[in-house]
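Trainee: below are the sequence and a predicted model for it; my questions follow.
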Amino acid sequence: MRRASTPGQGWFDDLARLWWVRLPALLGRVSTLLTGLASDGAYLRAWPAAAALAPIGCLLFGLLAGWTHFSSSYIALSYTNSLLLMALLTVFSGLGGGLGVWLMAGYIVGDFLLFGHGEYMGAPQAQILARLALPIAYLLLGKLVVLAPVVSRGLRLQLLAWLRVSGMAGTIVHAGAQGGLQAALVWVWVQAAPTLIRPIYTWRGGAPTSEAMEPLQRSGLVLIILALLMGIARVVIERLPAAQRAAAAARRDLQQAMAGRRALQTPRLPVWLAAALRSAFATYLLAGLMVTFLEVALFFGLTLAGQLLRGLVATRLAPLSRLMARVPIVLRLAAGGLVSFALASLLVPLAWNGSQQTFFPIMIPTATSMVVFALLMPAAPPAPAGITAETHP
């Protein structure tokens, strides 16, 4: 028999359902991926007050963070200026990517509408370019507060799917794996962010300030340790019996809310056009690595070759594509990372000289690593004739 709830408890339940079921289901009309991201952390519904209020707190905190950047300096153009801000973002999102979604949403609103980018730049062109660079910073933030907790959880579940360990031993194993994977992803982010964030400075005609780079370069280990601890804490909490029941109930509620709904279907583009669009997006996202138009063109060309190769493997080398699909993603990521590191160790010294003021030597192994991952993670092979892929709401 279901226990009667007090009026206040019922209000919390309804609000928690809004954040963890209704809104993710609504986002599913755009993309099922957004549903998965926004619902990550629904185990918090075991504590209705926390599940109801935590997203609101994250949304408001993100708004404040975007508005102020936790700095009184008008040249503090990004979150990388404040180690405290990045630490709090890492902690709050560490319990689930759903919280990170609302952190990111609040930050975008506060940063884009309230911070006043470009106000001190008189030239209209500089102000326009400053705005065009902001989505790069937002996508980079999303990798920290949304993708790091979600991807690490997915990798951990796939990696340990074969391990039948329960009880305290299972909690220890899963907590260690979650913490290690989450810390590894944040380590990658810490290494990449100082370079990738550059366009919000360089596109307005300036240069990245030392204050924007030093927090990560000197104290980035703090974020890695926090990610490790939050990954461990997440598993300890979500494996509590009440949290497991709440997560299962949230999955059922989400499936019911999405029953009969389909995500918007984008037009099926020719393979070459889809590859070109993805390559253009990758070039835009990694614009901090490039200085000249020649570097942009070369990077786009290498990325396009990798995208086309990925599709070619799926269509012309379907057995290889199916073989790769059987290998756990964690192992493929590790193999791709090792090969990419070897390529970088070989190519960077050949292309680098001490007088260069460009990231061109780094850009080449970055693009070639995309080709490596195109082989390790090819597109799914087409279904045989007469068989359609099963769709899920």
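Mentor: Ah, there it is.
Trainee: hmm, Leu60 and Tyr107 touching each other?
Mentor: No: with contact taken as C-beta atoms under 8 Å, Tyr107 and Leu60 are classed as non-touching, separated by 10.9 Å. The way it works is simple: take the backbone N, C-alpha and C, and place the C-beta from them, glycine included.
Trainee: more neighbours, the two?
Mentor: For Tyr107 and Leu60, the more surrounded residue by other C-beta atoms under 10 Å is Tyr107, and the numbers stand at 29 against 14.
Trainee: for that one, what is the enclosing helix or strand?
Mentor: Using DSSP states H and E, Tyr107 maps to helix 97-109.
Trainee: list the helices and strands that helix packs on?
Mentor: Applying 3 or more C-beta pairs under 8 Å, 6 or more residues apart in numbering; DSSP states H and E, one finds that helix 97-109 contacts helix 32-38, helix 48-68, helix 83-93, helix 124-142, helix 148-159.
Trainee: output that helix in PDB with nothing but the alpha carbons.
Mentor: The C-alpha trace of helix 97-109 is given here as PDB (Å, rounded to 0.1, in the frame of the first residue of the first chain):
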ATOM      1  CA  GLY A  97      24.400  15.200 -15.800                       C
ATOM      2  CA  GLY A  98      20.900  16.400 -15.300                       C
ATOM      3  CA  LEU A  99      22.100  18.900 -12.700                       C
ATOM      4  CA  GLY A 100      24.800  19.900 -15.200                       C
ATOM      5  CA  VAL A 101      22.200  20.600 -17.800                       C
ATOM      6  CA  TRP A 102      20.500  23.200 -15.600                       C
ATOM      7  CA  LEU A 103      23.900  24.600 -14.500                       C
ATOM      8  CA  MET A 104      24.800  25.100 -18.200                       C
ATOM      9  CA  ALA A 105      21.400  26.500 -19.100                       C
ATOM     10  CA  GLY A 106      21.600  29.100 -16.300                       C
ATOM     11  CA  TYR A 107      25.200  30.000 -17.200                       C
ATOM     12  CA  ILE A 108      24.300  30.600 -20.900                       C
ATOM     13  CA  VAL A 109      21.500  32.900 -20.000                       C
END
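Trainee: show me what it is in contact with.
Mentor: Applying C-beta atoms under 8 Å, 6 or more residues apart in numbering, the contact partners of helix 97-109 are 19-20, 24, 37-42, 54-56, 58-66, 79, 89, 92-93, 138, 141-142, 144-147, 149-150.
Trainee: run the last query once more with 7 Å
Mentor: 20, 37-42, 54-55, 58-63, 65-66, 89, 92-93, 138, 141-142, 145-146, 149-150 (C-beta atoms under 7 Å, 6 or more residues apart in numbering).
Trainee: tell me which residues of that helix come out buried.
Mentor: Gly97, Gly98, Leu99, Gly100, Val101, Trp102, Leu103, Met104, Ala105, Gly106, Tyr107, Ile108 (16 or more other C-beta atoms under 10 Å).
Trainee: now, which of the residues you listed sits nearest Arg252?
Mentor: The closest of those to Arg252 turns out to be Gly98 (C-beta to C-beta; 16.9 Å).
Trainee: distance of the residue nearest to that closest one when sequence neighbours are not counted from Leu134?
Mentor: In space, and not counting its chain neighbours, Gly98 is closest to Gly41: 4.2 Å by C-beta to C-beta, 6 or more residues apart in numbering. From Gly41 across to Leu134, the span is 26 Å (C-beta to C-beta, to the nearest Å).
Trainee: what's the answer for Arg252, then?
Mentor: Distance from Arg252 to Leu134, by C-beta to C-beta: 39 Å.
Trainee: and what of Leu23?
Mentor: Computed with C-beta to C-beta, the distance linking Leu23 and Leu134 is 24 Å.
Trainee: kindly report the same for Ser279.
Mentor: 22 Å.
Trainee: ok, now Trp189?
Mentor: Relative to Leu134, Trp189 is positioned 18 Å away (C-beta to C-beta).
Trainee: neighbour-wise, which of those two wins?
Mentor: The neighbour count for Trp189 versus Leu134, taken as other C-beta under 10 Å, is higher for Trp189 (24 against 20).
Trainee: just list the residues touching Leu309, thanks.
Mentor: Val371, Ala374, Leu375.
Trainee: secondary structure element for it?
Mentor: Here Leu309, judged by DSSP H and E, is contained in helix 293-316.
Trainee: identify each buried residue in that helix, please.
Mentor: 295-296, 298-300, 302-311, 313-314.
Trainee: again with stretch 47-67
Mentor: Result for stretch 47-67 [16+ other C-beta under 10 Å]: buried residues 47-48, 51-52, 54-55, 58-59, 61-67.
Trainee: kindly report the same for stretch 188-199.
Mentor: Using 16+ other C-beta under 10 Å as the burial criterion, the residues of stretch 188-199 that qualify are Trp189, Val190, Ala192, Ala193, Pro194, Leu196, Ile197, Arg198, Pro199.
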